[in-house]
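Peer 1: Pasted the sequence and its predicted model underneath.
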Amino acid sequence: MNKRHPQFSEGLADGRLLCTLCPRECRLADDQRGLCFVRKREGDNIELTTYGRSSGFVIDPIEKKPLNHFYPGSSVLSFGTAGCNLSCKFCQNWDMSKSREMDILQSPVTPQAIAQAAREHQCHSVAFTYNDPVIFYEYAVDTAIACHESGIKTVAVTAGYINQYARAGFFQHIDAVNVDLKGFSESFYHELCAGSLQPVLDTLEYLAQETQVWTEITTLLIPGENDSDKELDAMTSWIAEHLGAEVPLHFSAFHPDYKLMNHPPTTHHSLLRAKQIANKNGLKHVYLGNVHDPVNASTSCPTCGETMIGRVGYTITEWHLDVNGRCKSCGQTLPGVFEPSHGTWGNRYQRVQI
């Protein structure tokens, strides 16, 4: 691991080390691991035990992250490691994020090798995903630097649960991010995630107001937990006021998993209701995920209503943007990061050995 990275630790009077990377701020005795399991105290330092190790590499569509306004149709080389700094009872990737077995991880792969693989497979970007890249900060940052040196963009799929001290050092190396805003109440975060809402809101405001990182948001709607009209109204009003009306918001359908097996799946009607509330509060680009709904997966012009980017699944079926990213019908600029034409990766899924 490159020693140029800051040490996210602070000595305490009782001899323990305080991990300052994320708001959990675990207090560690020697050889003790934090809740994330992958950060461990070794002597006077807290080390990342999974540096260079991944759960595997896959090329898939950028829309799967989900990112709908960042090089649409392009391919992204995706990987994660193990562990997580939240304990979400509804985790959809629990086999990796909750793993305590390092045996699930592959042999070490250097950041340079990842960048080379992305270039060889003509991937537009590399995504840190499946589990939260905040906890493998050093590996993610080194990989992002290697990617940028090779002309490859970087994407972080994260819950945004990171301390202010670490925020700038991480996101300065990221080109696009999807932040998982899990709910909009402290009680939801406390009871279902063993975390807190405010640090996530702080991260979102930081991204919107102090960086050029392209940002989209995803909320997994869980029946009876975070999908009330009141909570959705409060959340989407906050997004419009603090982040802007043009930030893309993805409402994703929940399916019973991990420790919430007794909850019903999200209905299509509930997703449509959430989108209606978001639109009422001024949000211009609201998408529905984990359901087959080409209309609400597509991008419409907020000015004239014409389709700007048509999608079926992860495949681009229509493209009505000019070379400057404006609606061909009325000239309205679409916020995002685009090229003159869209990618053609579609729904493909390809495993890669590195």
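Peer 2: In hand now; what should we look at? Residues are numbered from 1 along each chain as shown.

Peer 1: wouldn't V179 be in contact with W214 here?
Peer 2: No: look at V179 against W214 with CB atoms under 8 Å: they stay out of range, at 11.4 Å. Every residue, glycine included, has its C-beta placed from N, CA and C.

Peer 1: what secondary structure does V157 sit in?
Peer 2: The three-state label given to V157 by DSSP: H, G, I helix; E, B strand; the rest coil is strand.

Peer 1: same deal with Q112?
Peer 2: helix.

Peer 1: measure it to R119 for me?
Peer 2: 11 Å (CB to CB, to the nearest Å).

Peer 1: Name the residues linked to R39 by a beta bridge.
Peer 2: Here R39 sits in beta bridges with L48, as judged by DSSP bridges.

Peer 1: Also T299?
Peer 2: I309.

Peer 1: Could I get the contacting residues of it?
Peer 2: Each residue near T299 by CB atoms under 8 Å, 6 or more residues apart in numbering is listed here: N68, H69, H285, T307, M308, I309, R311, L334.

Peer 1: 7 Å instead, please
Peer 2: When contacts are counted by CB atoms under 7 Å, 6 or more residues apart in numbering, T299 touches N68, H285, M308, I309, L334.

Peer 1: Model confidence for the third one, exactly?
Peer 2: M308 is assigned 98 on the pLDDT scale.

Peer 1: does D227 really touch L221, like I thought?
Peer 2: Yes: if you go by CB atoms under 7 Å, D227 and L221 touch, sitting 4.6 Å apart.

Peer 1: where do the contact lists of these two overlap?
Peer 2: Contacts common to D227 and L221, judged by CB under 7 Å, 6+ apart, are S270, A274.

Peer 1: The closest residue to T333 other than its chain neighbours: neighbour count?
Peer 2: Spatial nearest neighbour of T333, chain neighbours left out: R326 (5.0 Å); criterion: CB to CB, 6 or more residues apart in numbering. Under the neighbour criterion other CB atoms under 10 Å, R326 is assigned a count of 17.

Peer 1: what does the one 10 residues further on give?
Peer 2: Neighbouring residues of G336 were enumerated by other CB under 10 Å; the total is 21.

Peer 1: Next: the one 10 residues further on.
Peer 2: Applying the criterion other CB under 10 Å, we find 15 residues in the vicinity of G346.

Peer 1: what's the answer for T20, then?
Peer 2: 18.

Peer 1: Leaving out sequence neighbours, find the closest residue to it.
Peer 2: In space, T20 is closest to F8, 4.7 Å off (CB to CB, 6+ apart).

Peer 1: Now do that neighbour, the pLDDT please.
Peer 2: 94.

Peer 1: Would you quantify the distance from it to L207?
Peer 2: For F8, the distance to L207 - CB to CB - is 20 Å.
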